[in-house]
Structures are given as C-alpha cells and as structure tokens.
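*Asks:* any chance you could fold what I've pasted below:
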Amino acid sequence: MITEKQKQLLTSLYGTKGIFREKEPMAAHTTFRIGGPAEVYLVPADEEQLAATIRLLKSEGIRRQILGNGSNVLVADEGIAGVLIHMEDKHSAVSYREEGGLVLAAVTAGMSLSGFARDACERGLADMEYATGIPGTVGGGIVMNAGAYGGEIVDSLREVRVLTADGECRRMPAGDLKLSYRYSVIPEKNYIVTGATFAMKAGDREAIRGKVLELSAKRKEKQPLEFPSAGSTFKRPTGYFAGKLIEDAGLRGYAVGAAQVSEKHCGFVVNKGGATAADVKKLIADVQRIVFEKSGVKLEPEVKFLA
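*Replies:* Have a look, this model is predicted:
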C-alpha cells in the first residue's frame, strides 16, 4: 500500500503536468477490456518527469509496473498494487534522416508501433510491413521483440534509449538487448524504454503498400479482431504452432465464463463480453493442461499478468 505521505509526494511531482489518479480502472486501458483498478496511475508528461518519478519511487520503496498500449497483458480483477506508469504518448512523432544508404527513424517509446510502421511504409521504407497490424507501442514491441508474418523488431532496430532503475538515461545498441523470440534483457534489468532508432532501406512504394494490404487482409480473415483480446495468447513452441495444438486437442470454442478460445483462431483467447481475469487464467490453465495431455507439448503464455 502507498502511504498518504507518498501520495502527496507524487501529487506534488504531478501538480502542473502529467496525470495522477487513484483507483484507475485498468479495463479501460487494456485491449482485453479486463482488469481492476491501479492503486496509483501515472502518465508522465515527458522523459524528464518519468525519470524524476522513477527516482522518487525508488527512494520511497514503492513498487512500480509499466504499461504500454495494454495489448499483451491481463490485469488481475483485484487490480494493481503500487504504481502503474502508463507510457501513453499523445504527442508522439517520428523523425527521419539518411545515413550510409539507409534511412534512420528516431521514435518515442509511447508511439503506436502500427502507426510508426504505417508511416514508414507510406514513405516507401521497407522492413516494417509486418508491424502495421501489431497493436502495441514501440517500447512494448521492443521489450518483447514483437513480430508477425516472418518479421521481428530485431530485424531493423539500431539503438534504444532507456531509463535505468536509478532513473538515469542510457543509450544501448540493439545487440546489447539480446533480442530473440519474444525476449529481451530489458525486464530483467528493470529498464524502461523511452525511445528507439530503426534503420530501414528505401523500397518500391507500391510494392510495400501492396504487402501491407495483403497482411491486413490476412489479419481480418484469420484473427478474431471483432472481440477484445490480448493478441496471441501463447508463445510458439519450437517445432509447433500453438493454435494448431489447441485445435487438435479439441478446444476450439472452449470457454470458461465469458472467456473463450476463439472459434476463428485457436491461438487467441477472447473476451465475449464481461470476462474476468479469473476466467482467462482458468481457461489458459485448462488449455495448457489438456494440450500437454494430448500432445506432450507445454504451452507458455505470451500474455503478461499484472497484479
């Protein structure tokens, strides 16, 4: 629990800019549309205020968690204890410059990953087509090395800017992040991504636009975009596809409460309306158990649990 004195310190820090709220309902900030209230909810106005926040939280011993676009998380029904920092960037922008035959794009972490990817594609820059339908932020995408349709963040990321656990700004080359399938060292080091630089090459604008339209059509055809979800629920097991394993286990349409294995794509758990976090967690556990019984493969959730 955060004390009244600590709340006063945070209120003072956010008195003239940024957002400070208590008991903020997290269902309004996640793509699952599920989740209880955050004890304290903060939206820093800029990197300077974010750094000051991190230093204050550390000095006071206050627990903190970070939220991007809320697209790959499940928040507990009881809510989130401590401070939730929402890396929301309503004024996000990207700047471009040429270097060594490539185009470098500098972008803030709170910018929509799909928005950045679409902007790059419209400029005739290749390598980001895969990301035009990924619903997270740039920062969140980097943390988990987001990817789709054969492309991943690691393919074009050049450098990241982070805040350390002490609130110090640091630049890191992409190689230091040890990016691999849905992994980076950022959570382990307790860093917060604040910005990044991507390197892309110029391509044929019409061919790039065609690829984007093709991938968009595939998503609409195969993914349950009509229901709230957190995206792909499970990581891809080596040598298998999670959705195929779930379907082969007879779990298409399997439901717990209002949470359901999508009938359109078994790799997604969807909220049919009023699902709770407890429903989703029970469903995930059931799917893991039954798939393991049927195939011997243990599915690992891709969705992150916040409480």
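*Asks:* apart from its neighbours in sequence, what residue is nearest the residue nearest in space to the middle of the chain?
*Replies:* Nearest residue to the geometric centre of the chain (C-alpha atoms, centre = their mean): residue 140, 4.0 Å. Of all residues not flanking residue 140 in the chain, residue 68 sits nearest, at 3.3 Å (C-beta to C-beta, 6 or more residues apart in numbering). For the C-beta atoms, the positions are set from N, CA and C on the backbone; glycine is no exception.
*Asks:* look up phi and psi at the one you found.
*Replies:* Here the main-chain torsion angles of residue 68 (degrees, to the nearest 10) amount to phi -90, psi -110.
*Asks:* so what's the residue count around it?
*Replies:* 27 (other C-beta atoms under 10 Å).
*Asks:* who's in contact with it?
*Replies:* Residue 68 makes contact with 87, 109-110, 136-137, 139-140, 143 under the criterion C-beta atoms under 8 Å, 6 or more residues apart in numbering.
*Asks:* just among those residues, which is most surrounded?
*Replies:* residue 137 (30 neighbours).
*Asks:* give me the distance between the residue nearest to it when sequence neighbours are not counted and residue 167.
*Replies:* Distances taken as C-beta to C-beta, 6+ apart place residue 68 nearest to residue 137, at 3.8 Å, with adjacent residues excluded. Using C-beta to C-beta, to the nearest Å, residue 68 is found at 19 Å from residue 167.
*Asks:* ok, residue 42 next?
*Replies:* From residue 42 to residue 167 the distance is 14 Å (C-beta to C-beta).
*Asks:* where is the longest strand in this protein?
*Replies:* Identified as the longest strand of the chain according to DSSP state E is strand 192-200.
*Asks:* could I have it exported to CSV, CA atoms only?
*Replies:* Output in CSV follows, covering the C-alpha atoms of strand 192-200 (Å, rounded to 0.1, in the frame of the first residue of the first chain):
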residue,chain,number,x,y,z
ILE,A,192,12.2,1.4,-19.2
VAL,A,193,12.4,2.1,-23.0
THR,A,194,11.9,5.7,-23.8
GLY,A,195,12.9,5.9,-27.4
ALA,A,196,14.5,4.0,-30.3
THR,A,197,16.2,4.3,-33.6
PHE,A,198,15.3,2.0,-36.5
ALA,A,199,17.3,1.5,-39.7
MET,A,200,15.4,0.9,-42.9
